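A.B. asks: Fold the following, please.
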Amino acid sequence: MQSSKRFDPDTHYAMPGEPPRANTEHIKRRCLDVPYGSLSESQKLDIYLPDNENGPFPVILAIHGGAFMGCDKADIQVLPMLEALKRNYAVVSINYRLSWEAIFPALIHDAKTTVRWVRSKAEEFQFDPQRIAVWGGSAGGYLSLMLGVTQGLPEFEDLSLGYADQPSDVQAIVAWFPPTNFLKMDEQLEACEFLPAIEYRHSEENSPESLILGNQITKIPELVEKANPETYIRAGLAPFFIQHGTSDDTVPYQQSLGFAKKLAAISPQTVTHELLPNARHADAAFETPQNIQKVLDFLDKALSS
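C.D. replies: Sure, this is the predicted structure:
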(Lines give C-alpha, C1' and ligand atoms only; values in the text may rest on other atoms or scores of the structure.)
Protein backbone atom coordinates (compact mmCIF):
# COMPACT_ATOMS: atom_id res chain seq x y z
CA MET A 1 0.00 0.00 0.00
CA GLN A 2 1.86 3.03 -1.26
CA SER A 3 1.00 6.65 -1.92
CA SER A 4 3.04 9.23 -3.77
CA LYS A 5 1.12 12.14 -2.29
CA ARG A 6 2.04 13.42 1.15
CA PHE A 7 -0.74 13.16 3.68
CA ASP A 8 -2.51 16.40 4.53
CA PRO A 9 -3.04 16.35 8.32
CA ASP A 10 -5.82 18.90 8.07
CA THR A 11 -8.01 16.31 6.33
CA HIS A 12 -8.07 13.86 9.25
CA TYR A 13 -9.59 14.24 12.72
CA ALA A 14 -6.52 12.82 14.46
CA MET A 15 -4.20 15.50 13.09
CA PRO A 16 -5.65 18.99 13.52
CA GLY A 17 -2.44 20.54 12.22
CA GLU A 18 1.28 19.95 12.31
CA PRO A 19 3.11 21.14 15.46
CA PRO A 20 5.72 23.88 15.02
CA ARG A 21 9.36 23.10 14.35
CA ALA A 22 11.77 23.04 17.24
CA ASN A 23 14.33 25.82 17.36
CA THR A 24 17.68 24.03 17.48
CA GLU A 25 19.91 26.79 16.13
CA HIS A 26 21.68 27.08 19.48
CA ILE A 27 23.03 23.53 19.16
CA LYS A 28 26.52 23.86 17.75
CA ARG A 29 26.99 20.32 16.50
CA ARG A 30 24.04 19.12 14.48
CA CYS A 31 23.61 17.35 11.19
CA LEU A 32 20.14 17.55 9.64
CA ASP A 33 18.21 15.52 7.07
CA VAL A 34 20.74 12.71 6.86
CA PRO A 35 19.42 9.80 4.74
CA TYR A 36 19.45 6.36 6.34
CA GLY A 37 17.53 4.67 3.51
CA SER A 38 16.82 5.12 -0.17
CA LEU A 39 13.24 3.89 -0.51
CA SER A 40 11.59 7.10 0.64
CA GLU A 41 12.20 10.76 1.40
CA SER A 42 10.84 9.90 4.84
CA GLN A 43 13.93 7.85 5.62
CA LYS A 44 15.98 10.68 7.11
CA LEU A 45 17.25 11.59 10.54
CA ASP A 46 18.74 14.52 12.45
CA ILE A 47 21.85 14.21 14.63
CA TYR A 48 22.57 16.37 17.68
CA LEU A 49 25.84 16.07 19.60
CA PRO A 50 26.88 17.65 22.91
CA ASP A 51 28.79 20.91 22.64
CA ASN A 52 32.55 20.72 23.05
CA GLU A 53 32.57 17.17 24.40
CA ASN A 54 34.23 14.02 23.20
CA GLY A 55 32.52 10.66 22.87
CA PRO A 56 31.73 7.92 22.73
CA PHE A 57 28.24 9.21 23.52
CA PRO A 58 25.32 7.07 24.58
CA VAL A 59 22.56 7.62 22.03
CA ILE A 60 18.90 8.50 22.43
CA LEU A 61 16.84 7.67 19.37
CA ALA A 62 13.97 10.20 19.47
CA ILE A 63 10.79 8.97 17.77
CA HIS A 64 8.00 11.47 17.10
CA GLY A 65 4.31 10.76 17.50
CA GLY A 66 1.51 11.86 15.20
CA ALA A 67 -1.14 9.12 14.92
CA PHE A 68 1.09 7.17 12.51
CA MET A 69 0.23 9.76 9.85
CA GLY A 70 1.86 13.08 10.58
CA CYS A 71 4.44 15.19 12.43
CA ASP A 72 8.19 15.28 11.89
CA LYS A 73 11.55 14.55 13.49
CA ALA A 74 12.28 18.27 13.68
CA ASP A 75 9.09 19.44 15.39
CA ILE A 76 8.77 20.41 19.05
CA GLN A 77 8.34 16.82 20.18
CA VAL A 78 12.13 16.48 20.11
CA LEU A 79 12.71 19.21 22.70
CA PRO A 80 12.48 16.99 25.82
CA MET A 81 14.98 14.56 24.32
CA LEU A 82 17.39 17.37 23.50
CA GLU A 83 17.73 18.09 27.22
CA ALA A 84 19.85 14.94 27.28
CA LEU A 85 22.63 16.82 25.47
CA LYS A 86 23.39 18.43 28.82
CA ARG A 87 24.25 14.97 30.16
CA ASN A 88 26.47 14.18 27.20
CA TYR A 89 24.05 12.04 25.25
CA ALA A 90 23.83 12.16 21.49
CA VAL A 91 20.28 12.54 20.19
CA VAL A 92 19.24 11.10 16.84
CA SER A 93 15.73 12.14 15.82
CA ILE A 94 14.16 10.01 13.12
CA ASN A 95 11.44 10.09 10.52
CA TYR A 96 9.82 6.89 9.29
CA ARG A 97 7.25 5.94 6.68
CA LEU A 98 3.75 6.92 7.78
CA SER A 99 0.37 5.43 6.95
CA TRP A 100 -0.16 7.57 3.85
CA GLU A 101 2.97 6.01 2.37
CA ALA A 102 3.37 2.45 3.66
CA ILE A 103 1.55 0.18 6.08
CA PHE A 104 2.76 -1.99 8.95
CA PRO A 105 5.41 -3.27 9.42
CA ALA A 106 7.26 -0.67 7.30
CA LEU A 107 7.54 1.78 10.22
CA ILE A 108 9.12 -0.97 12.35
CA HIS A 109 11.55 -1.80 9.56
CA ASP A 110 12.53 1.86 9.32
CA ALA A 111 13.03 2.32 13.05
CA LYS A 112 15.19 -0.79 13.29
CA THR A 113 17.21 0.40 10.31
CA THR A 114 18.01 3.62 12.17
CA VAL A 115 19.39 1.60 15.08
CA ARG A 116 21.60 -0.34 12.69
CA TRP A 117 22.59 2.95 11.01
CA VAL A 118 23.66 4.42 14.37
CA ARG A 119 25.92 1.45 15.01
CA SER A 120 27.38 1.62 11.53
CA LYS A 121 28.26 5.31 12.08
CA ALA A 122 29.62 4.92 15.61
CA GLU A 123 33.17 5.92 14.76
CA GLU A 124 32.17 8.83 12.51
CA PHE A 125 29.86 10.49 15.04
CA GLN A 126 31.40 9.17 18.29
CA PHE A 127 28.32 7.12 19.13
CA ASP A 128 28.58 4.36 21.72
CA PRO A 129 27.14 1.33 19.89
CA GLN A 130 26.64 -0.53 23.17
CA ARG A 131 24.40 2.15 24.71
CA ILE A 132 21.38 3.01 22.57
CA ALA A 133 18.02 4.03 24.02
CA VAL A 134 14.71 4.87 22.34
CA TRP A 135 12.27 7.50 23.55
CA GLY A 136 8.95 8.52 22.03
CA GLY A 137 5.39 9.56 22.77
CA SER A 138 2.07 8.25 21.43
CA ALA A 139 2.84 6.64 18.05
CA GLY A 140 6.50 7.23 18.88
CA GLY A 141 5.93 5.51 22.21
CA TYR A 142 4.40 2.59 20.35
CA LEU A 143 7.45 2.37 18.09
CA SER A 144 9.75 2.58 21.11
CA LEU A 145 7.95 -0.35 22.73
CA MET A 146 8.07 -2.34 19.51
CA LEU A 147 11.82 -1.84 19.24
CA GLY A 148 12.14 -3.08 22.80
CA VAL A 149 9.94 -6.16 22.54
CA THR A 150 10.85 -7.40 19.05
CA GLN A 151 14.60 -7.60 19.46
CA GLY A 152 15.85 -10.82 17.95
CA LEU A 153 12.69 -11.42 15.90
CA PRO A 154 13.76 -11.54 12.23
CA GLU A 155 10.25 -10.93 10.85
CA PHE A 156 10.56 -7.31 11.97
CA GLU A 157 13.83 -6.70 10.17
CA ASP A 158 14.22 -5.62 6.57
CA LEU A 159 17.95 -5.97 6.13
CA SER A 160 17.66 -4.90 2.50
CA LEU A 161 17.29 -1.34 3.82
CA GLY A 162 20.94 -1.39 4.79
CA TYR A 163 23.56 -1.99 7.51
CA ALA A 164 22.72 -5.69 7.63
CA ASP A 165 25.92 -6.46 9.53
CA GLN A 166 24.71 -4.47 12.55
CA PRO A 167 22.23 -5.55 15.26
CA SER A 168 19.09 -3.55 16.00
CA ASP A 169 18.71 -4.25 19.72
CA VAL A 170 18.35 -1.32 22.12
CA GLN A 171 19.42 -1.11 25.74
CA ALA A 172 16.64 1.05 27.22
CA ILE A 173 13.12 2.11 26.27
CA VAL A 174 11.15 5.22 27.28
CA ALA A 175 7.53 5.36 26.16
CA TRP A 176 5.03 8.10 26.87
CA PHE A 177 1.28 7.37 26.50
CA PRO A 178 1.74 4.52 24.00
CA PRO A 179 -0.97 2.32 22.46
CA THR A 180 -0.24 -1.33 23.20
CA ASN A 181 -3.42 -3.26 22.35
CA PHE A 182 -5.41 -1.64 19.53
CA LEU A 183 -8.66 -3.57 19.88
CA LYS A 184 -9.13 -2.67 23.54
CA MET A 185 -8.78 1.09 23.16
CA ASP A 186 -12.43 2.02 22.65
CA GLU A 187 -13.55 -0.27 25.47
CA GLN A 188 -11.07 1.34 27.82
CA LEU A 189 -12.01 4.87 26.75
CA GLU A 190 -15.62 4.02 27.44
CA ALA A 191 -14.71 2.80 30.93
CA CYS A 192 -13.14 6.22 31.53
CA GLU A 193 -16.18 8.00 30.04
CA PHE A 194 -14.01 9.32 27.19
CA LEU A 195 -15.50 7.32 24.31
CA PRO A 196 -15.82 9.66 21.28
CA ALA A 197 -18.44 9.71 18.56
CA ILE A 198 -18.48 6.63 16.32
CA GLU A 199 -16.59 8.22 13.45
CA TYR A 200 -13.68 9.05 15.77
CA ARG A 201 -13.27 5.65 17.41
CA HIS A 202 -10.14 3.54 17.14
CA SER A 203 -12.13 0.59 15.84
CA GLU A 204 -13.44 2.43 12.78
CA GLU A 205 -12.00 2.17 9.26
CA ASN A 206 -10.57 5.71 9.26
CA SER A 207 -8.79 5.43 12.60
CA PRO A 208 -5.01 5.85 12.85
CA GLU A 209 -4.67 2.20 13.81
CA SER A 210 -6.79 0.96 10.90
CA LEU A 211 -4.87 3.16 8.44
CA ILE A 212 -1.44 1.98 9.55
CA LEU A 213 -2.56 -1.66 9.31
CA GLY A 214 -4.25 -1.19 5.93
CA ASN A 215 -7.76 -2.30 6.96
CA GLN A 216 -10.35 -1.76 9.68
CA ILE A 217 -8.83 -3.33 12.77
CA THR A 218 -11.99 -5.22 13.74
CA LYS A 219 -11.71 -7.15 10.44
CA ILE A 220 -8.06 -8.18 10.87
CA PRO A 221 -7.63 -9.44 14.46
CA GLU A 222 -4.66 -11.66 13.58
CA LEU A 223 -2.74 -8.74 12.09
CA VAL A 224 -3.70 -6.56 15.05
CA GLU A 225 -2.24 -9.16 17.39
CA LYS A 226 0.97 -9.12 15.38
CA ALA A 227 1.09 -5.33 15.62
CA ASN A 228 0.41 -5.12 19.37
CA PRO A 229 3.49 -4.65 21.58
CA GLU A 230 1.78 -6.74 24.27
CA THR A 231 2.08 -9.80 22.04
CA TYR A 232 5.86 -9.98 22.39
CA ILE A 233 6.26 -9.56 26.14
CA ARG A 234 8.77 -12.08 27.44
CA ALA A 235 11.72 -12.41 29.77
CA GLY A 236 15.15 -11.08 28.89
CA LEU A 237 14.12 -7.67 27.51
CA ALA A 238 15.88 -4.36 28.09
CA PRO A 239 14.49 -2.05 30.83
CA PHE A 240 11.35 -0.01 30.12
CA PHE A 241 10.22 3.32 31.60
CA ILE A 242 6.58 4.03 30.74
CA GLN A 243 4.43 7.01 31.72
CA HIS A 244 0.79 7.75 30.98
CA GLY A 245 -1.76 10.35 32.06
CA THR A 246 -4.91 9.22 33.87
CA SER A 247 -7.03 11.71 31.90
CA ASP A 248 -5.79 10.67 28.48
CA ASP A 249 -8.85 10.73 26.21
CA THR A 250 -6.92 9.67 23.10
CA VAL A 251 -4.91 6.64 24.19
CA PRO A 252 -6.41 5.32 27.44
CA TYR A 253 -4.03 4.90 30.36
CA GLN A 254 -5.05 1.23 30.65
CA GLN A 255 -3.00 0.59 27.50
CA SER A 256 0.36 1.15 29.17
CA LEU A 257 -0.90 -0.15 32.51
CA GLY A 258 -1.84 -3.49 30.97
CA PHE A 259 1.49 -3.74 29.18
CA ALA A 260 3.43 -2.93 32.34
CA LYS A 261 1.50 -5.44 34.46
CA LYS A 262 2.09 -8.24 31.98
CA LEU A 263 5.79 -7.46 31.76
CA ALA A 264 6.14 -7.10 35.53
CA ALA A 265 4.52 -10.51 36.05
CA ILE A 266 7.36 -12.05 34.05
CA SER A 267 10.25 -9.75 34.89
CA PRO A 268 9.40 -7.12 37.55
CA GLN A 269 12.85 -5.53 37.48
CA THR A 270 12.45 -4.80 33.75
CA VAL A 271 9.66 -2.22 33.89
CA THR A 272 8.97 1.06 35.66
CA HIS A 273 5.46 2.38 35.09
CA GLU A 274 4.00 5.65 36.33
CA LEU A 275 0.58 7.24 35.99
CA LEU A 276 0.51 11.05 35.96
CA PRO A 277 -2.68 12.14 37.76
CA ASN A 278 -5.09 14.16 35.60
CA ALA A 279 -2.60 14.42 32.74
CA ARG A 280 -4.03 14.31 29.23
CA HIS A 281 -2.52 13.03 26.00
CA ALA A 282 0.78 14.82 25.32
CA ASP A 283 0.22 16.90 28.46
CA ALA A 284 2.79 19.49 29.49
CA ALA A 285 3.23 17.50 32.71
CA PHE A 286 5.46 15.08 30.82
CA GLU A 287 7.88 17.83 29.86
CA THR A 288 8.46 19.54 33.19
CA PRO A 289 12.10 19.81 34.26
CA GLN A 290 11.37 17.44 37.14
CA ASN A 291 9.93 14.77 34.88
CA ILE A 292 12.66 15.09 32.26
CA GLN A 293 15.21 14.66 35.06
CA LYS A 294 13.38 11.48 36.13
CA VAL A 295 13.55 10.09 32.60
CA LEU A 296 17.23 10.95 32.24
CA ASP A 297 18.01 9.41 35.64
CA PHE A 298 16.38 6.20 34.40
CA LEU A 299 18.47 6.28 31.23
CA ASP A 300 21.67 6.97 33.15
CA LYS A 301 21.04 3.90 35.29
CA ALA A 302 19.83 1.67 32.47
CA LEU A 303 22.81 2.47 30.25
CA SER A 304 25.45 2.40 32.97
CA SER A 305 25.98 -1.35 32.92
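A.B. asks: rest of the way, CA atoms for contacts and neighbours
C.D. replies: Fine.
A.B. asks: tell me the contacts of residue 26?
C.D. replies: For residue 26, the set of contacting residues under the criterion of Cα atoms under 8 Å, 6 or more residues apart in numbering is empty.
A.B. asks: Which strand or helix spans it?
C.D. replies: Following DSSP states H and E, there is no helix or strand that holds residue 26.
A.B. asks: Could you do residue 108 as well?
C.D. replies: helix 106-120.
A.B. asks: which helices and strands sit right next to that helix?
C.D. replies: Taking 3 or more Cα pairs under 8 Å, 6 or more residues apart in numbering; DSSP states H and E as the contact definition, the neighbouring helices and strands of helix 106-120 are strand 127-137, helix 139-149.
A.B. asks: how about low-confidence regions in the stretch 1-150 of the chain?
C.D. replies: Under the criterion pLDDT under 70, the flagged ranges of the stretch 1-150 of the chain are 1-10.
A.B. asks: Find the nearest non-adjacent residue to residue 112, please.
C.D. replies: residue 168 (5.5 Å; Cα to Cα, 6 or more residues apart in numbering).
A.B. asks: what about the residue lying closest to residue 257 once chain neighbours are set aside, how many neighbours?
C.D. replies: With Cα to Cα, 6+ apart as the criterion, residue 257 has its nearest non-adjacent residue at 7.3 Å, and that residue is residue 273. Residue 273 sits with 16 neighbouring residues when counted by other Cα atoms under 10 Å.
A.B. asks: Strand partners (parallel or antiparallel) of the helix or strand harbouring residue 273?
C.D. replies: Using DSSP H and E, the secondary-structure element containing residue 273 is strand 271-276. Paired with strand 271-276 in the same sheet, following DSSP bridges, are strand 240-245 (parallel).
A.B. asks: in the helix or strand just after the strand it pairs with, what's buried?
C.D. replies: Beyond strand 240-245 on the C-terminal side, the first helix or strand identified by DSSP H and E is helix 254-266. Burial within helix 254-266, assessed by neighbour count using 16 or more other Cα atoms under 10 Å, is assigned to 254, 255, 256, 257, 259, 260, 262, 263, 264.
A.B. asks: Equivalent analysis for stretch 65-80, please.
C.D. replies: By neighbour count, with 16+ other Cα under 10 Å as the criterion, the buried positions of stretch 65-80 are 65-80.
A.B. asks: Between all of those residues, which two are separated the most?
C.D. replies: Pairwise distances across the buried residues of stretch 65-80 peak at 21.4 Å for 69 and 80 (criterion: Cα to Cα).
A.B. asks: Pull up the gap between residue 91 and residue 46, please.
C.D. replies: Distance, residue 91 to residue 46, using Cα to Cα, to the nearest Å: 8 Å.
A.B. asks: okay, these two: which has more neighbours?
C.D. replies: Set side by side, residue 91 and residue 46 give different neighbour counts by other Cα under 10 Å, the larger being at residue 91 (28 against 19).
A.B. asks: Quick one: low-confidence residue ranges for the stretch 151-300 of the chain.
C.D. replies: For the stretch 151-300 of the chain, applying pLDDT under 70 flags no range at all.
A.B. asks: What ranges does it have for its helices?
C.D. replies: Secondary structure of the stretch 151-300 of the chain (DSSP state H, counting those that start in this stretch): helices at 185-191, 208-213, 221-227, 254-266, 289-302.
A.B. asks: relative to its centroid, which residue of this structure is most remote?
C.D. replies: In the chain, counting by Cα atoms, centre = their mean, residue 52 sits farthest out from the average C-alpha position, at 28.7 Å.
A.B. asks: May I see the buried residues of the helix or strand just after the helix holding residue 108?
C.D. replies: Of the helices and strands lying after helix 106-120 in sequence (DSSP H and E), the nearest is helix 122-125. By neighbour count on 16+ other Cα under 10 Å, the buried set for helix 122-125 is 122, 125.
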